[in-house]
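[1] Here is a sequence with its predicted model. Questions after.
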Amino acid sequence: MQRISELHVNGTRLRIDADADRSLLSVLRDDLDLTGSKYGCGEGQCGACTVLIDGQATRSCITKLSAAAGKKIITIEGIEKNGRLHPLQEAFLEADALQCGYCTPGMIMSSVALLSKNPNPSEQEVVRFMEGNVCRCGTYPRIVTAIRKAAQSMKGGGR
Amino acid sequence: MSKHIDDSIEVERYELFAEPAYHFTLELERRDFFKLLGGGLVLVFTLDAFASQESGRQEGESGGRRGQSNSAPKEIGGWLHIGEDGSITAFTGKVEFGQNIRTSLSQVVAEELRVPISSIRMTMGDTDLTPFDMGTFGSRTTPTMAPVLRKAAAAAREALIDLAAAEWKVDRASLAVKDGKVIGARSKQSLDFGKLTKGQKLLKVISENAPITPVDQWTIAGKSVAKVDGRGFVTGKHRFTSDTRIPDMLFGRVVRPSAFNATLVSVDSREAEAMAGVKVVRDGSFIGVAAPSPQAVARAAAAIKVEWKAEPQPSSKELFDYLRKQAVESPRANVTGSIADGFAKADKKIEQSYTVAYIAHAPLEARAAVAEWNKGKLTVWTGTQRPFGVRGELAEAFRIPEERVRVIVPDTGSGYGGKHTGDVAIEAARLAQAAGKAVKLLWTREEEFTWAYFRPAGVIDVSSGVREDGTITAWEFHNYNSGSAGIQHRYAFPNQKIVFHQTKSPLRQGSYRGLAATANHFAREVHIDELARALRIEPLEFRLKNLEDARMKAVLNAAAKAFNWGKSKSAPNRGYGIAAGFEKGGYVATCAEVSVDRTTGKVKLVRVVEAFECGAVVNPDQLRNQIEGSIVMGIGGALFEAIDFDNGKIVNGRFSRYRVPRFSDVPLIETVLVDRRDLPSAGAGETPIVGLAPAVGNAIFDATGIRLRSLPMAPNGLKN
């Protein structure tokens, strides 16, 4: 079986030794101990495992390692810079856009992808883009608020 | 049902009754505390003083059910430690599942100790470190645990003043506590907590009332404080059970039966056992495997050939007939007045049946456990709402004393009543025992949907009699299987008969957010709407006419006012609905606006206004968060969530087949907090869910003239 020996995660090239057909989520969590990305369903239906691959929001639970190798992967652990939270992380805290917090990393990674594509989304655009992320605690309205607040704070040369 | 845990536990917490009763005792030995916590000041609060108060509260809301005071073991409610370095740690057996009690409990402790909330550490849900607790359910943290920790903190504050008074040889009345220091009133003297506790080993057991801060002087409690450890969640650093890692641990998997109640015929695990590092465990009906990696364990489990035998079982389509037929004979009826007289006085009589489906909690973090045996002691990290209960389950399963079991509950990816039992902990521990290494076991989403337990399905028959002037004269209410929570109400019906019929359940069932209050409120509040419509009386006015309870009326009026109830419809195929309820000390009223597309059948919830009153509000923003979350979760059960099962198998046990509320399902939500600072605080994690389904059902009727009496109401939209 083909094996993958290197993965580009959060700006660093990391040595791994894993079957190419394993899920990216499993390699991140079990091999690299990057446990911020969560298992929620294993079929790409809940978004808890969302990471960025070359800037695209991607469900890592249904992404084979072979499809991620050689590409730039960003996980929730990689968006805080020099101890400073990403504006979306700040906004989630400010809006109390979490209860149990299990969906939060996936929500934030999807939001990062959204704002990089559309820096000023309408409420409807947020809802449409985020539809694949599930929050069982029901904090959706606060998440929408947080994303739109972050969009405001990122204006004018933020990230 | 013969075994019993506590009389105050609602009967529909079916999952709890399968267990034996445990008797917990904790020796209050001074040396144990200081060995555990280090030197300093320790305040221990015994719960006994609270038992009678809790009992009164329970009785008031449940209509004659016995309270817990007679059966509660002598137990410790909470303790508080101020270390020799001045660090403050509060200990509680409660657990954090997203209801944000780590924050709200920190608030009350910080309040009494006059320190910033960031100074408080909370150690929660660890059976070796925290006081015994029955479990985090029933919305009891705020009414029962918060006062315990508040009083412990108040007593600690007073003890610190005593220490300072002794040090300075002054009258304690001249001293005050501020900003983590005891300060002298006239002099410039001050001592911080660490200076006072240095070298001390002072243990105080308190059960009398400590001088707590009156509500009108709250400065930290009563305010919106952000989740205290929120940063760990937004950065992905918080370790849930499923993220826990122990060096050299194995990964586990359980080989599940082909259907519910299936029996094992044969197992061939030779191929799996030949794989490197794989340990297969077969013990009775349990078949499991442990291996060094998630891939290895998946391969090994797939290689095990198992034959099961299952008997024919009821399916979803025959569920409601089954529940009626399987009802237990002669249940206890709760009767007021004379139902026959009530019907004789009525001008109109209505009889209707309502049904609710089984639904799944589907917590986003599926059940998980990491188990490790070390010199005969078992430690399990697991996300359970009952750490001490699960400790008991483990002790029983492995026939070891409870002192040799430690259960640790990391802040968990939600539960909603679904994580009361220790299944996954027991499975992981059995694998770890056999493998001689720590084992991590994560249930898959499909396992979570299949092998956990469900909110009970139910059938509710209601007959009522009403006079032309809108006075309800007779109320007869039979609930089959759902449960009795919320079966009583706040209406002033002079003649009524209310009966909960236990039945056999085709599926494993148990607690769910609000328990059967969701089902009972749906049936009652829809039925009341039917009566109002039949008499052509405006539904809000009709409710108020049949109510005497001022708190119930207050939330109804508050919701109606904020919703602008009574305004004319904004568009055709739009409708408005209202519903009210009471449960677990909280009062709720919900107004909903829906729009129904009569061509596509699509039902869209447009706007929800909910007023909630739970006494004095501890944290307004987190309370709103819980109310909003309840409304959103309630949308699923109201409109589309239902477990589909066929002959012992779950048909729709994954997110691609079981629809949960998503972003686009969420209406405009407005919450109205009725803050009663003159009343003790009640919990708020559950009751805000009960009004949503009936308000939506009533709004759909208002929009279309179609009366929906089954939850979920429109799983595939509303067909003409």
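    Looks like it came in fine. The structure presented is a predicted model; accordingly, all values stated were derived computationally and were not measured.
[2] Count the residues that sit near the residue lying closest to B:Ala185 once chain neighbours are set aside.
    Leaving aside its sequence neighbours, B:Ala185 sits nearest to B:Ser174 (C-beta to C-beta, 6 or more residues apart in numbering or on different chains; 4.5 Å). Every residue, glycine included, has its C-beta placed from N, CA and C. Using other C-beta atoms under 10 Å in any protein chain shown, B:Ser174 has 15 other residues around it.
[3] before we move on, what about B:Asn557?
    B:Asn557, neighbours per other C-beta under 10 Å, totals 16.
[4] element containing it?
    helix B:550-563 (DSSP states H and E).
[5] what packs against that helix?
    Under the contact criterion of 3 or more C-beta pairs under 8 Å, 6 or more residues apart in numbering or on different chains; DSSP states H and E, helix B:550-563 touches helix B:539-545, strand B:574-583, strand B:586-596, strand B:603-613, strand B:668-673.
[6] can you redo these as JSON lines with mean pLDDT and mean neighbour count?
    Output for these, formatted as JSON lines (pLDDT from 0 to 100; neighbours: other C-beta atoms under 10 Å in any protein chain shown):
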{"stretch": "helix B:539-545", "mean pLDDT": "98", "mean neighbour count": "19"}
{"stretch": "strand B:574-583", "mean pLDDT": "97", "mean neighbour count": "26"}
{"stretch": "strand B:586-596", "mean pLDDT": "97", "mean neighbour count": "28"}
{"stretch": "strand B:603-613", "mean pLDDT": "98", "mean neighbour count": "24"}
{"stretch": "strand B:668-673", "mean pLDDT": "98", "mean neighbour count": "18"}
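[7] Start and end of stretch B:233-241, how far apart?
    Terminal residues of stretch B:233-241 lie 14 Å apart, using C-alpha to C-alpha, to the nearest Å.
[8] In that stretch, which residues are buried?
    B:Phe233, B:Val234, B:Thr235, B:Gly236, B:Lys237, B:His238, B:Phe240, B:Thr241 (16 or more other C-beta atoms under 10 Å in any protein chain shown).
[9] Quick check: the two most widely separated of those residues?
    Greatest spacing in the buried residues of stretch B:233-241, by C-beta to C-beta: B:Val234 and B:Thr241 (19.2 Å).
[10] Which pLDDT does the model give B:Ile5?
    B:Ile5 carries a pLDDT value of 42.
[11] Could you pull up the residues touching B:Gly38?
    Going by C-beta atoms under 8 Å, 6 or more residues apart in numbering or on different chains, B:Gly38 touches B:His81, B:Gly83, B:Glu84.
[12] what do you get for B:Val690?
    B:Gly486, B:Gly514, B:Ala517, B:Thr518, B:His521, B:Gly581, B:Glu583, B:Val588, B:Gly634.
[13] run the last query once more with 6 Å
    B:Gly514, B:Ala517, B:Thr518, B:His521, B:Gly581, B:Glu583 (C-beta atoms under 6 Å, 6 or more residues apart in numbering or on different chains).
[14] How about B:Ala165?
    Contacts of B:Ala165 (C-beta under 6 Å, 6+ apart): B:Arg172, B:Leu175.
[15] ok, for the residue of the stretch 401-550 of chain B found nearest chain A, nearest residue in space, not its chain neighbours?
    Residue of the stretch 401-550 of chain B nearest chain A, by C-beta to the nearest C-beta: B:Gly413 (3.1 Å). Using C-beta to C-beta, 6+ apart and skipping the chain neighbours, the partner closest in space to B:Gly413 is B:Glu365 (2.4 Å).
[16] Which members of the buried residues of stretch B:233-241 additionally contact chain A?
    Subset of the buried residues of stretch B:233-241 in contact with chain A: B:Phe233, B:Val234, B:Thr235, B:Gly236, counting by C-beta under 6 Å from any C-beta of the partner chain.
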